[in-house]
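Asker: Have a look; sequence and predicted model below, questions after that.
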Amino acid sequence: MTAELKDLDAFAEVQRLIVVAAHPDDLETLGGGTVALLVQRGIKTFSVNCTLGDIGTQEAHMSRPVLATTRLAETEEAARILGIAQTYNLGHHDGELVADLELRAQIARLYRLTQADTLWTFDPFWPGQIHPDHRAAGQAALDAYIPSKMPLYRPEQFNEPGAGPGCLKRIFLFATDRAPDIFIDVGGVYETKLAACRAHLSQFPQGEANLEWMKELDQRRGQVLGVTYAEVFKQMEVW
Ligand SMILES: [Zn+2]
């Protein structure tokens with residue numbers, strides 16, 4: 001059995017995946033290849049961005065609402081390329097995300113609405129995670145896991161059509177150097193990953209030339225498997 005198949009087995013029972021990220025382009029750069037592989041297998045994938053990504057520019061004259069609108073459109077285009085079923089944006093300002101009770105409830109609502117069985121999010125415990133929004137998104141996504149399953153928590157959320165108690169069973173953390181244990185060979189879908197990343201034109205105006213850092217990272221991880229490009233995750237024990 002190849003390493004690719006062995007490690008994809010970690011996702012063998014996944015049917016509905018929700019990815020909680022901080023910014024438009026996090027999912028694509030960190031896990032876009034694996035999402036493409038899972039969508040090919042018929043797994044329904046939902047993407048959540050906690051912030052609007054509205055400081056993601058070096059152009060001081062840019063307006064934040066214009067940038068936010070641009071990035072929402074880029075998110076939709078990337079989702080179309082990857083085959084993501086639905087995207088959500090929780091509307092927080094970039095650079096100011098806090099893992100508070102409001103964010104926890106917003107995320108729990110989406111666990112209940114999507115009925116996802118599997119969560120991917122940032123590893124909030126990796127000491128090298130310097131971006132506060134990444135830590136906050138990961139922390140809030142984990143904090144919402146148990147309350148989402150409890151009927152007395154925010155019961156008004158059950159009034160929405162399709163909502164039921166949260167049914168997440170598995171959690172995988174990305175953006176971690178804390179002994180990742182799942183390496184996915186994404187070489188076969190790398191062009192799709194690159195296309196989804198290039199859809200974020202406001203972030204990568206020169207296309208692939210702005211994505212060399214990502215390719216180098218994925219190549220370094222690929223060396224562990226002896227393949228060209230890999231993405232990595234750490235499975236978290238949950239009950
Ligand atoms: Zn980010």
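Answerer: Yes, it's here. Residues are numbered from 1 along each chain as shown.
Asker: can I assume residue 47 sits in a helix?
Answerer: No - assessed with DSSP: H, G, I helix; E, B strand; the rest coil, residue 47 is strand; it does not lie in a helix.
Asker: Read off the pLDDT value for it.
Answerer: With respect to pLDDT, residue 47 has a value of 98.
Asker: what packs against the one helix or strand residue 231 maps to?
Answerer: Per DSSP states H and E, residue 231 falls inside strand 230-236. Here strand 230-236 touches helix 26-40, strand 170-174, strand 182-185, helix 212-225, going by 3 or more C-beta pairs under 8 Å, 6 or more residues apart in numbering; DSSP states H and E. C-beta here means a position set from N, CA and C on the backbone, and glycine is covered the same way.
Asker: The closest residue to the ion within the chain - how many residues pack around it?
Answerer: As assessed by C-beta to the ion, the ion sits closest to residue 23 within the chain, at 3.6 Å. Residues lying near residue 23 (other C-beta atoms under 10 Å) number 26.
Asker: mind listing the helices in the protein by residue range?
Answerer: 3-8, 26-40, 64-82, 101-114, 132-143, 190-198, 212-225 (DSSP state H).
Asker: now the ones you listed as a markdown table including mean pLDDT, mean neighbour count and distance to residue 168?
Answerer: Output for the helices of the chain, formatted as a markdown table (pLDDT from 0 to 100; neighbours: other C-beta atoms under 10 Å; distance: least, C-beta to C-beta, whole Å):
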| stretch | mean pLDDT | mean neighbour count | distance to residue 168 |
| --- | --- | --- | --- |
| helix 3-8 | 60 | 16 | 20 |
| helix 26-40 | 98 | 25 | 16 |
| helix 64-82 | 98 | 18 | 21 |
| helix 101-114 | 98 | 21 | 6 |
| helix 132-143 | 98 | 24 | 10 |
| helix 190-198 | 98 | 21 | 24 |
| helix 212-225 | 96 | 15 | 26 |
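Asker: mind checking which of the ones you listed is nearest residue 90?
Answerer: Closest of those to residue 90 is helix 101-114, at 5.0 Å (criterion: C-beta to C-beta).
Asker: Pairing partners for the strand holding residue 231, with directions?
Answerer: Strand 230-236 has its sheet partners listed here by DSSP bridges as strand 170-174 (antiparallel), strand 182-185 (antiparallel).
Asker: can you redo the ones you listed as JSON lines with mean pLDDT?
Answerer: Shown next, in JSON lines, are the strands paired with strand 230-236 (pLDDT from 0 to 100):
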{"stretch": "strand 170-174", "mean pLDDT": "97"}
{"stretch": "strand 182-185", "mean pLDDT": "95"}
